[in-house]
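Trainee: Okay, sequence plus prediction incoming.
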Amino acid sequence: MPGAIDSLTEKPGLSPANRSLERGIALLRAFRPGSELLGNSDLAERTGLPKATVSRLTQTLVGCGLLQWEAASRAYRLAPPVLSLAHAMRSGSRVLAVAAPHMHALAESRRINVGLAAPDGDEMVYLESIRYARRVALRHVVSGQRVPMELTSLGRAYLAVAPAARRRDILRAVASRRGPQWPALSREIEEATQQIRSRGFCAASWQPEVVALAAPLPSADGAAYVLNVSLSTPLPMETVAQELGDALLGLSEKVAQAWAADLRPR
(Lines give C-alpha, C1' and ligand atoms only; values in the text may rest on other atoms or scores of the structure.)
Protein backbone atom coordinates (compact mmCIF):
# COMPACT_ATOMS: atom_id res chain seq x y z
CA MET A 1 0.00 0.00 0.00
CA PRO A 2 1.21 3.57 -0.52
CA GLY A 3 3.40 4.69 2.34
CA ALA A 4 4.33 1.15 3.36
CA ILE A 5 7.90 -0.10 3.17
CA ASP A 6 8.34 -1.50 -0.32
CA SER A 7 10.92 -2.21 -3.01
CA LEU A 8 9.71 0.47 -5.41
CA THR A 9 12.17 3.13 -4.26
CA GLU A 10 15.68 2.84 -5.65
CA LYS A 11 18.71 3.12 -3.35
CA PRO A 12 22.07 4.45 -4.58
CA GLY A 13 25.29 2.72 -3.61
CA LEU A 14 26.06 -0.81 -2.48
CA SER A 15 25.87 -0.50 1.31
CA PRO A 16 22.92 -2.25 3.01
CA ALA A 17 19.85 -0.20 3.83
CA ASN A 18 19.27 0.96 7.40
CA ARG A 19 16.03 -0.78 8.36
CA SER A 20 15.28 1.44 11.35
CA LEU A 21 15.59 4.55 9.20
CA GLU A 22 13.42 2.99 6.50
CA ARG A 23 10.74 2.17 9.05
CA GLY A 24 10.79 5.64 10.58
CA ILE A 25 10.39 7.20 7.14
CA ALA A 26 7.52 4.79 6.41
CA LEU A 27 5.69 6.19 9.44
CA LEU A 28 6.13 9.75 8.20
CA ARG A 29 4.90 8.79 4.74
CA ALA A 30 1.72 7.35 6.24
CA PHE A 31 0.42 10.86 6.95
CA ARG A 32 -1.70 12.16 4.07
CA PRO A 33 -4.37 14.81 3.55
CA GLY A 34 -7.41 13.47 5.36
CA SER A 35 -5.17 11.44 7.69
CA GLU A 36 -3.59 14.23 9.70
CA LEU A 37 -3.96 12.43 13.06
CA LEU A 38 -2.79 8.82 13.36
CA GLY A 39 -2.34 6.65 16.44
CA ASN A 40 0.06 3.75 16.84
CA SER A 41 -2.60 1.26 15.73
CA ASP A 42 -3.33 3.30 12.60
CA LEU A 43 0.35 3.53 11.77
CA ALA A 44 0.86 -0.19 12.32
CA GLU A 45 -2.01 -0.96 9.95
CA ARG A 46 -0.79 1.47 7.27
CA THR A 47 2.84 0.37 7.33
CA GLY A 48 2.52 -3.32 8.18
CA LEU A 49 4.95 -2.88 11.08
CA PRO A 50 4.48 -4.49 14.53
CA LYS A 51 2.76 -2.18 16.98
CA ALA A 52 5.67 -2.40 19.43
CA THR A 53 8.05 -1.25 16.69
CA VAL A 54 5.72 1.60 15.77
CA SER A 55 5.50 2.73 19.40
CA ARG A 56 9.28 2.83 19.71
CA LEU A 57 9.70 4.73 16.44
CA THR A 58 6.98 7.30 17.13
CA GLN A 59 8.62 8.16 20.45
CA THR A 60 11.90 8.68 18.62
CA LEU A 61 10.25 10.86 15.98
CA VAL A 62 8.60 12.96 18.68
CA GLY A 63 12.00 13.38 20.31
CA CYS A 64 13.46 14.45 16.97
CA GLY A 65 10.71 17.03 16.52
CA LEU A 66 9.17 15.44 13.41
CA LEU A 67 5.95 14.25 15.11
CA GLN A 68 3.72 15.89 17.71
CA TRP A 69 1.69 13.95 20.29
CA GLU A 70 -1.88 15.11 20.92
CA ALA A 71 -3.02 13.75 24.26
CA ALA A 72 -6.70 14.56 23.72
CA SER A 73 -6.95 12.36 20.61
CA ARG A 74 -4.14 9.96 21.65
CA ALA A 75 -2.62 10.33 18.21
CA TYR A 76 0.28 11.93 16.39
CA ARG A 77 0.45 14.62 13.74
CA LEU A 78 3.34 15.83 11.59
CA ALA A 79 5.32 18.58 13.33
CA PRO A 80 6.22 21.97 11.75
CA PRO A 81 9.87 21.02 10.97
CA VAL A 82 8.54 18.60 8.33
CA LEU A 83 7.28 21.62 6.40
CA SER A 84 10.75 23.16 6.50
CA LEU A 85 12.13 20.03 4.83
CA ALA A 86 9.61 20.37 2.02
CA HIS A 87 10.44 24.06 1.63
CA ALA A 88 14.16 23.26 1.45
CA MET A 89 13.48 20.70 -1.28
CA ARG A 90 11.39 23.10 -3.38
CA SER A 91 13.74 26.06 -2.99
CA GLY A 92 16.75 23.89 -3.82
CA SER A 93 15.29 22.10 -6.85
CA ARG A 94 17.19 23.17 -9.95
CA VAL A 95 14.74 21.56 -12.34
CA LEU A 96 11.86 23.43 -10.72
CA ALA A 97 13.79 26.70 -10.82
CA VAL A 98 14.39 26.46 -14.56
CA ALA A 99 10.99 24.93 -15.41
CA ALA A 100 8.70 27.30 -13.48
CA PRO A 101 9.05 30.38 -15.74
CA HIS A 102 8.31 28.33 -18.86
CA MET A 103 5.40 26.59 -17.14
CA HIS A 104 3.89 29.89 -16.04
CA ALA A 105 4.24 31.35 -19.54
CA LEU A 106 2.45 28.42 -21.18
CA ALA A 107 -0.28 28.22 -18.54
CA GLU A 108 -1.06 31.92 -18.82
CA SER A 109 -0.92 32.13 -22.62
CA ARG A 110 -3.15 29.10 -23.23
CA ARG A 111 -5.30 29.35 -20.07
CA ILE A 112 -4.52 25.77 -19.06
CA ASN A 113 -3.08 23.95 -16.07
CA VAL A 114 0.59 22.98 -16.20
CA GLY A 115 2.31 20.59 -13.80
CA LEU A 116 5.67 19.03 -13.03
CA ALA A 117 5.82 15.73 -11.13
CA ALA A 118 8.21 12.99 -10.08
CA PRO A 119 7.67 9.30 -9.27
CA ASP A 120 7.48 8.01 -5.70
CA GLY A 121 6.79 4.31 -5.38
CA ASP A 122 3.69 3.65 -7.49
CA GLU A 123 2.47 7.26 -7.29
CA MET A 124 3.43 10.58 -8.84
CA VAL A 125 4.10 13.63 -6.66
CA TYR A 126 3.57 17.16 -7.93
CA LEU A 127 6.53 19.49 -7.50
CA GLU A 128 4.53 22.33 -9.01
CA SER A 129 1.00 22.85 -10.31
CA ILE A 130 0.11 26.13 -12.03
CA ARG A 131 -3.65 26.54 -12.43
CA TYR A 132 -5.09 28.64 -15.24
CA ALA A 133 -8.09 26.48 -16.09
CA ARG A 134 -10.56 27.83 -18.64
CA ARG A 135 -13.47 26.38 -16.64
CA VAL A 136 -13.95 26.25 -12.88
CA ALA A 137 -13.01 22.81 -11.56
CA LEU A 138 -13.90 21.23 -8.23
CA ARG A 139 -10.52 19.51 -8.02
CA HIS A 140 -7.55 21.65 -6.99
CA VAL A 141 -4.02 20.30 -7.37
CA VAL A 142 -1.19 21.70 -5.26
CA SER A 143 2.50 21.04 -4.78
CA GLY A 144 3.10 17.85 -2.84
CA GLN A 145 -0.15 16.24 -3.93
CA ARG A 146 0.03 12.59 -4.98
CA VAL A 147 -1.84 10.93 -7.82
CA PRO A 148 -2.01 7.24 -8.77
CA MET A 149 0.52 6.27 -11.39
CA GLU A 150 -1.66 3.76 -13.20
CA LEU A 151 -4.60 6.13 -13.80
CA THR A 152 -2.92 9.37 -14.79
CA SER A 153 -1.15 10.67 -17.86
CA LEU A 154 1.74 11.65 -15.55
CA GLY A 155 2.19 8.13 -14.25
CA ARG A 156 1.71 6.45 -17.62
CA ALA A 157 4.24 8.77 -19.24
CA TYR A 158 6.76 7.84 -16.55
CA LEU A 159 6.06 4.12 -16.94
CA ALA A 160 6.70 4.41 -20.68
CA VAL A 161 10.33 5.40 -20.07
CA ALA A 162 11.03 3.77 -16.68
CA PRO A 163 13.82 1.15 -16.51
CA ALA A 164 12.39 -2.27 -17.36
CA ALA A 165 12.94 -3.82 -13.93
CA ARG A 166 11.39 -0.87 -12.13
CA ARG A 167 8.42 -0.84 -14.50
CA ARG A 168 7.82 -4.54 -13.81
CA ASP A 169 7.93 -4.01 -10.04
CA ILE A 170 5.49 -1.11 -10.20
CA LEU A 171 3.06 -2.90 -12.50
CA ARG A 172 3.17 -6.00 -10.29
CA ALA A 173 2.27 -3.90 -7.23
CA VAL A 174 -0.52 -2.11 -9.11
CA ALA A 175 -1.93 -5.38 -10.49
CA SER A 176 -2.09 -6.81 -6.98
CA ARG A 177 -3.87 -3.74 -5.65
CA ARG A 178 -6.34 -3.25 -8.53
CA GLY A 179 -7.52 -6.86 -8.85
CA PRO A 180 -10.30 -7.21 -11.44
CA GLN A 181 -9.68 -3.68 -12.74
CA TRP A 182 -6.16 -4.56 -13.79
CA PRO A 183 -6.71 -6.09 -17.29
CA ALA A 184 -8.39 -2.92 -18.58
CA LEU A 185 -5.84 -0.67 -16.87
CA SER A 186 -2.98 -2.73 -18.26
CA ARG A 187 -4.26 -2.19 -21.79
CA GLU A 188 -4.58 1.55 -21.22
CA ILE A 189 -1.02 1.74 -19.84
CA GLU A 190 0.30 -0.12 -22.87
CA GLU A 191 -1.62 2.22 -25.20
CA ALA A 192 -0.06 5.19 -23.39
CA THR A 193 3.39 3.67 -23.87
CA GLN A 194 2.74 3.41 -27.60
CA GLN A 195 1.57 7.05 -27.64
CA ILE A 196 4.81 8.17 -25.98
CA ARG A 197 6.84 6.25 -28.56
CA SER A 198 4.87 7.55 -31.55
CA ARG A 199 4.24 11.19 -30.63
CA GLY A 200 6.15 11.97 -27.44
CA PHE A 201 3.18 12.36 -25.08
CA CYS A 202 0.16 10.43 -23.85
CA ALA A 203 -3.37 11.42 -22.87
CA ALA A 204 -5.66 10.33 -20.06
CA SER A 205 -8.94 11.40 -18.46
CA TRP A 206 -9.33 9.86 -15.03
CA GLN A 207 -11.50 12.68 -13.63
CA PRO A 208 -14.87 13.65 -15.20
CA GLU A 209 -14.39 16.19 -18.00
CA VAL A 210 -10.72 16.70 -17.20
CA VAL A 211 -8.25 15.81 -19.96
CA ALA A 212 -4.50 15.72 -19.30
CA LEU A 213 -1.51 15.21 -21.56
CA ALA A 214 1.91 14.27 -20.20
CA ALA A 215 5.43 13.97 -21.58
CA PRO A 216 8.60 12.64 -19.93
CA LEU A 217 11.12 15.41 -19.38
CA PRO A 218 14.50 14.55 -20.93
CA SER A 219 16.80 14.30 -17.94
CA ALA A 220 19.94 16.37 -17.54
CA ASP A 221 21.10 14.52 -14.41
CA GLY A 222 19.52 11.06 -14.49
CA ALA A 223 16.47 12.03 -12.41
CA ALA A 224 12.93 11.24 -13.56
CA TYR A 225 10.40 14.02 -14.09
CA VAL A 226 7.22 14.40 -16.14
CA LEU A 227 5.47 17.53 -17.41
CA ASN A 228 1.74 17.72 -18.00
CA VAL A 229 -0.93 20.07 -19.25
CA SER A 230 -4.62 19.71 -18.45
CA LEU A 231 -7.94 21.47 -18.66
CA SER A 232 -11.57 20.98 -17.72
CA THR A 233 -13.47 20.44 -20.95
CA PRO A 234 -16.24 18.36 -22.50
CA LEU A 235 -14.12 17.94 -25.64
CA PRO A 236 -12.94 14.45 -26.63
CA MET A 237 -9.47 13.47 -25.46
CA GLU A 238 -8.07 13.30 -28.99
CA THR A 239 -9.29 16.83 -29.76
CA VAL A 240 -7.40 18.11 -26.71
CA ALA A 241 -4.34 16.10 -27.76
CA GLN A 242 -4.35 17.76 -31.18
CA GLU A 243 -4.85 21.19 -29.65
CA LEU A 244 -2.21 21.02 -26.90
CA GLY A 245 0.22 18.26 -27.87
CA ASP A 246 2.68 20.51 -29.69
CA ALA A 247 2.57 23.07 -26.87
CA LEU A 248 3.46 20.38 -24.32
CA LEU A 249 6.32 19.06 -26.44
CA GLY A 250 7.58 22.60 -26.94
CA LEU A 251 7.51 23.17 -23.17
CA SER A 252 9.42 19.95 -22.57
CA GLU A 253 12.10 20.95 -25.06
CA LYS A 254 12.50 24.42 -23.56
CA VAL A 255 12.77 23.10 -20.02
CA ALA A 256 15.23 20.35 -21.02
CA GLN A 257 17.49 22.86 -22.77
CA ALA A 258 17.37 25.32 -19.87
CA TRP A 259 18.04 22.55 -17.37
CA ALA A 260 21.03 21.24 -19.30
CA ALA A 261 22.45 24.75 -19.59
CA ASP A 262 21.97 25.29 -15.85
CA LEU A 263 23.99 22.16 -15.05
CA ARG A 264 26.99 23.07 -17.23
CA PRO A 265 30.12 24.01 -15.28
CA ARG A 266 30.66 27.75 -15.08
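Mentor: Yep, it's here.
Trainee: so how far is Val125 from Gly155?
Mentor: Gly155 sits 11 Å away from Val125, going by CB to CB, to the nearest Å. The C-beta positions use only the backbone N, C-alpha and C, and glycine is treated the same way.
Trainee: what's the answer for Ala17, then?
Mentor: 21 Å.
Trainee: more neighbours, those two?
Mentor: The neighbour comparison of Ala17 against Val125 (other CB atoms under 10 Å) goes to Val125, with 15 against 11.
Trainee: How far away from the center of its chain is the helix or strand hosting Ala247?
Mentor: If you go by DSSP states H and E, Ala247 is part of helix 237-263. Relative to its chain's centre, helix 237-263 lies at 19 Å (CA atoms, centre = their mean, to the nearest Å).
Trainee: ditto for stretch 251-266
Mentor: 22 Å.
Trainee: for stretch 161-171, same thing?
Mentor: 16 Å.
Trainee: Now do that stretch, average pLDDT.
Mentor: The average pLDDT for stretch 161-171 rounds to 94.
Trainee: for stretch 69-79, same thing?
Mentor: 96.
Trainee: Now do the contacts for Ser230.
Mentor: For Ser230, the contact set (CB atoms under 8 Å, 6 or more residues apart in numbering) comprises 112-113, 115, 153, 210-213.
Trainee: who wins for most neighbours among these?
Mentor: Ser153 (30 neighbours).
Trainee: returning to that earlier point: touching both of Gly155 and Val125, which residues are there?
Mentor: In contact with both Gly155 and Val125: Pro119, using CB under 8 Å, 6+ apart.
Trainee: Any idea how far apart the tips of stretch 210-226 sit?
Mentor: 18 Å (CA to CA, to the nearest Å).
Trainee: try stretch 208-223
Mentor: Terminal residues of stretch 208-223 are spaced 32 Å apart (CA to CA).
Trainee: Mind listing what's buried along it?
Mentor: Buried residues in stretch 208-223, counting neighbours by 16 or more other CB atoms under 10 Å, are found at 210-217, 220.
Trainee: One more: stretch 240-249?
Mentor: 240-241, 243-245, 247-249.
Trainee: In TSV: these, plus pLDDT.
Mentor: As requested, the buried residues of stretch 240-249 are arranged in TSV below (pLDDT from 0 to 100):
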residue	pLDDT
Val240	95
Ala241	96
Glu243	95
Leu244	97
Gly245	97
Ala247	97
Leu248	98
Leu249	97
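Trainee: Packing partners of the helix holding Ala247?
Mentor: Applying 3 or more CB pairs under 8 Å, 6 or more residues apart in numbering; DSSP states H and E, one finds that helix 237-263 contacts helix 94-110, strand 202-207, strand 210-216, strand 226-232.
Trainee: residues in contact with the third one?
Mentor: Right, strand 210-216. 137, 139, 152-154, 156-158, 160-161, 196, 200-205, 224-233, 235, 237, 240-241, 244-245, 248-249, 252.
Trainee: now do 7 Å
Mentor: Residues outside strand 210-216 that contact it (CB atoms under 7 Å, 6 or more residues apart in numbering) are 137, 152-154, 157-158, 160-161, 196, 200-205, 226-233, 237, 240-241, 244-245, 248-249, 252.
Trainee: Helix 237-263 and that strand, what's the angle between them?
Mentor: Interaxial angle, strand 210-216 versus helix 237-263 (axes from the mean of the first three to the mean of the last three CA atoms, to 10 degrees): 40 degrees.
Trainee: What angle do strand 202-207 and strand 210-216 make with each other?
Mentor: 140 degrees.
Trainee: So in that sheet, which strands flank strand 210-216, and in what orientation?
Mentor: Neighbouring strands of strand 210-216 in its sheet, by DSSP bridges, are strand 202-207 (antiparallel), strand 226-232 (antiparallel).
Trainee: how about the helices in the chain?
Mentor: 19-29, 40-47, 51-63, 80-92, 94-110, 153-161, 164-178, 182-199, 237-263 (DSSP state H).
Trainee: returning to what we had before: include distance to Gly144 when you put the buried residues of stretch 240-249 into JSON lines, please.
Mentor: Shown next, in JSON lines, are the buried residues of stretch 240-249 (distance: CB to CB, whole Å):
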{"residue": "Val240", "distance to Gly144": "26"}
{"residue": "Ala241", "distance to Gly144": "28"}
{"residue": "Glu243", "distance to Gly144": "29"}
{"residue": "Leu244", "distance to Gly144": "25"}
{"residue": "Gly245", "distance to Gly144": "28"}
{"residue": "Ala247", "distance to Gly144": "25"}
{"residue": "Leu248", "distance to Gly144": "22"}
{"residue": "Leu249", "distance to Gly144": "26"}
